[in-house]
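Trainee: I would like to see how this sequence folds:
(2 chains)
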Amino acid sequence: MSTDEPKFGIHRPVTVALAGNPNSGKTTIFNALTGARQHVGNYPGVTVEKKEGHRSHKGLDIRFVDLPGTYSLTAYSVEEIIARNFLLHQQPDLVVHVIDASNLERNLYLSVQLMELGVPLLLAFNMSDVARQRGLIFDIPLLSQLLGAPIIPTVGSKSQGIDRLLDKVVEIVQTRAMPVYRYHYGTEVEQQIGRIVQQIDAHPDLARCYRPRWLAIKLLEQDREIRQEVQIESVLETAHNGIRHLETIYGDEAAIVLADQRYGFISGACQEAVKSTVESRHDVSDRIDAILTHRALGLPIFLGLMYAVFQLVFHLGEYPMNWLESSFHWLGGLVASTWPPDSNSILKSLLVDGIIGGVGGVLVFLPNIFLLFLAIAFLEDSGYMARAAFIMDRLMHKMGLHGKSFIPMLIGFGCSVPAIMATRILENRRSRLTTIMIIPLMSCGARFPIYALIIPAFFPEHMRGLILWGVYLIGIVLAVICARLLRKTLLKGQTVPFVMELPPYRMPTARGLWLHTRMRSWHYVKKAGTIILGISIVLWGLTSFPRPSAEQLEGLDGEQIQSALLRHSIAGRVGKTIEPAIRPLGFDWKIGTALIGAMAAKEVFVSQLGIVYSLGEVDEGSAVLRERLRADYTPLQGFCVMLFCLISAPCMATVAITRREAGAWKWALFQWAALTILAYGLTLIVFQIGSIISKI
Amino acid sequence: MIQPTGQMSLGNGNIYLNDAPVGKPVRLLHIQSGHALRHRLAALGMLPNTQVTVLSNQGHGQLIVNVKNTKVVLGRGMAHKILVRVEP
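Mentor: Predicted coordinates:
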C-alpha cells in the first residue's frame, strides 16, 4: 500500500474518532476517555445519536467523537454511511478502533476497511480480560507488525489501559506518524485496483476528493453512493470490466471476493499471532441463553421482566414524583402569595398557572423518566435487549415492525415522551418513525384521569373494568392497524433483513449506567425548560385572553369568575366556534373547550371541564362534576369523549419530542393531524351508529 | 475457495440453513440473495466456505447461529436463502 500525502493536518483541538462494532465496548471506552464531559446530539437530518466528549492529556486538548457502531463501511445502513462520511469529510487526526479482543476476526474486518480509507489508526484491544479468560493469548508486537497499526490492550469497564491509550494517541498525533498498512489483496484483485487507480489519477479533481485506492475498491464493490459520485465514464467502465473479470475468475460477486480476501488476510494474521489454549465454547453466556431464549420460558420471563420495569418506574417513581408535585404546588402558592388573595393580576396568572403549572406538570415526571432510562440502560448494557428483540420479533413482525419496537410501545402506556425517546434503540429509521407515530395510541397515564372521571359517571359498576379494558384495547388494535398501514404506504421499504448479533452477557458498570441515565434525563429537563415553557405560555394566553370587562364580572363569585374568564377567552370562543363541527361527534362547546385545554396535556381536560361548569378546582374523583355530566350527556357521549381523547391530538410534550426525535416538524405535524382525523372519523362513526341503535 | 454461482443445488447432501441440524457445524456454500443481504452477512463473517453452527431453531421464527464465535440472530426467510453442507 502506498503512502499517500497525509490529508490529516494538525488543528487544535485535535479530533479523534472512535470506531468499532456494536457491542465492542466502544461506549465504555468513550466513557472512560471523556468521563462526564460529553455532549449528545443527533447527526443532521438523521436520528442517529452523535456523541462527543473532551479530554486533556499531556497538554493536548482532544475532542473524541463516538461514531455509530458498524460492522463494515459499505453503504447499506445509515450508521455505516454516517461513520464513513465523517471519516472522509471531517478527516479526524486519528481513528481509535475499539476491538472486542475476544472476538478478534470479526472485529478486524472493520480495521481492514479503515486501513483502506487511509486513516491513521490505533487499535484498542478491549475486553482483553475476557479474551484471557477465554484462553486467548495475543502476540501483540507481532500482530501490530502484521496489521501495520499500533495496538493497546484495554479493559474499558475497569478503565484499564486508558492512560496508555491516551499516551499513544498524543504520541501519534504529535509525531504525525503516517501509517504504512501492509494489507494487500490477491494479484488478480490488485491488478484491477491498479487499473482503476490509473483512470482515477487522470482526473485530478476526483483524486483530490478521495483516496484513489479506496475509491477503486469501492467501485469494485459496486458501492451505490460512490458510483453516483464518480460519474466519469472511463473510470466506471474500467471498474465494470474489472468486476466482470473478477466474477469470471472467482465465480462470485466481486464484492464478496474482496470480503473473502479480507477475511483470509485476517485469519492468516490471527493464526500467526493468536494462540488459543482452551477449547471450551460453552461459557456462561450460553448457559444463560439456554434459559432466557428458551422456546417456552423466554416469553414469560420477558413479560415478567417488563412488568418489573413497569412497577419500578411507576411505583418507585411515585414518591419522588409526589414530592416534586408538592414542591411545585408550594412554589406556586409562594409566588401567588406576593399578590393579594383576590388579585386578578395577569402576571400572577402567567407565573402560577402558565409557567409553574405548565413546566411543573412536565417536570414532575422526571423521577419516572430517570428510573425508566436507568432500567433501559441496564437492559441494554447487560445484553438482554437483543434477546428481548429476538423473543418479541415474531409478534412484532406481523405489524411490520422489529422486535425491539415492543419496548418503547410498552413504555408508552406510562408516558409517550420517554417512549418516543426510547425508540432510539431502533436502528432502522423507518421502523423507528413508524413506532414513534403509533406510540400516542398507547393510552398513557395522563389519559387515565379522563377515564376515571367519565366511566363511573355513566356506567354501572360491573361494567367499569370492562370499559376501561376496552379503551386500552382499542388503542392497541388501532396501533397495530396504523403500523401495518404506515409500513405499507408512507414508510414502505424493504423490511431490513433481520440480522442481529446477540452480544455476550455482561454486568453493566455503575459508571456506564449513571452516564447513560443522567445524559438522557438531562435532555428531558432541557426540553421542559425550552419548548414546553414556550407552549405553556401560549396555551395560558389562549385560555386567559381576551379578558372580560370589570362590569361583566360584577356580582360573580370566585368560581363563576373563572368560568366567565374561560368562556370569554380565545379557547372558550374557539370551543363555541367549533361546536357545529364537533356536534356530529356528540360534543358541545363545553367539551370542545376542555378538548382545547387537553391539547396542552391530556389531564387538563378534567380541570378545564371543572372550570367550564364553574366548579373551581376539580379532579377525576369529583362527584359533583360527575352528576353534572350525567345530567347533560348520555353514556354514548361519555364513551365518545374517551374515544376521542384516546386517539386525538397528542399532547404538546409529545409533539415537541416527536419533532426532535424524528428530526423534522413535518413528522410531528403529520402525527398530530393524522391522529386527530382518525379520532374524528372513528368517533363520528361510533356516535352516529350508536345514536341510531339507541333510537331503535 | 469460493464456489461458482448457479451450480449449487439441493441434493448431494446440500441443505438450506433453516433445515440444518442444531448443534452440528455446517459449511456455508452459497447465499442466494441480493447485494444488501450478502454484504451484511459478509460483514458478520458469513461468507462462502465459513463454518457455522445453528444454536437454536424452534421450527418457526428466527434462528440463532454461531459465526466466528459470535451469536447471530437470522430471520427464517434469510436462512432459507443460505445453502450449506453438513460437515462430516
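Trainee: interface residues of chain A facing chain B?
Mentor: A:71-72, A:74, A:76, A:102-103, A:105-106, A:109, A:222, A:250-253, A:255-257, A:259-260, A:263, A:281, A:285-286, A:289, A:293, A:295, A:386, A:389-390, A:393-394, A:494, A:497-502 (Cβ under 8 Å from any Cβ of the partner chain). For glycine as for every other residue, the C-beta is placed from the backbone atoms N, C-alpha and C.
Trainee: please work out how many residues are found near the spatially closest residue to A:S382 that is not a sequence neighbour.
Mentor: Once flanking residues are discounted, A:S382 sits nearest to A:P508: 5.3 Å by Cβ to Cβ, 6 or more residues apart in numbering or on different chains. Neighbour count for A:P508, taken as other Cβ atoms under 10 Å in any protein chain shown: 18.
Trainee: near chain A, which residues of chain B are found?
Mentor: B:2-5, B:33, B:35-45, B:47-50, B:55-56, B:58, B:60-62, B:64, B:66-75, B:78.
Trainee: taking those one by one, which sit in strands?
Mentor: B:55-56, B:64, B:66-67, B:70-74 (DSSP state E).
Trainee: the residue in the stretch 501-650 of chain A that chain B sits nearest to bridge partners, please.
Mentor: Closest approach between the stretch 501-650 of chain A and chain B, counting by Cβ to the nearest Cβ: A:L502, at 3.8 Å. For A:L502, the beta-bridge assignment (DSSP bridges) gives partners B:K71.
Trainee: list the contacts for B:Y16?
Mentor: Counting by Cβ atoms under 8 Å, 6 or more residues apart in numbering or on different chains, B:Y16 touches B:10, B:79-84.
Trainee: check A:L165 too.
Mentor: So A:L165 contacts A:29, A:33, A:96, A:122, A:124, A:152, A:154 (Cβ under 8 Å, 6+ apart).
Trainee: pLDDT score assigned to residue 43?
Mentor: In the absence of a named chain, this looks at chain A. Here the pLDDT value assigned to A:Y43 is 63.
Trainee: try again with chain B
Mentor: 86.
Trainee: scan chain A for its longest helix.
Mentor: Counting by DSSP state H, the longest helix found in chain A is helix A:665-695.
Trainee: name the helices or strands packed onto that one?
Mentor: If you count contacts as 3 or more Cβ pairs under 8 Å, 6 or more residues apart in numbering or on different chains; DSSP states H and E, helix A:665-695 packs onto helix A:429-438, helix A:635-647, helix A:652-662.
Trainee: which of those helices has the lowest mean pLDDT?
Mentor: helix A:652-662 (a mean of 86).
Trainee: now that one - C-alpha only, CSV.
Mentor: Only the C-alpha atoms of helix A:652-662 are listed here, as CSV (Å, rounded to 0.1, in the frame of the first residue of the first chain):
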residue,chain,number,x,y,z
MET,A,652,-47.7,19.3,23.3
ALA,A,653,-44.9,17.5,25.0
THR,A,654,-45.4,14.6,22.6
VAL,A,655,-45.5,16.9,19.6
ALA,A,656,-42.2,18.5,20.8
ILE,A,657,-40.4,15.2,21.4
THR,A,658,-41.6,13.8,18.1
ARG,A,659,-40.3,16.8,16.2
ARG,A,660,-36.9,16.4,18.0
GLU,A,661,-36.6,12.6,17.6
ALA,A,662,-37.9,12.4,14.1
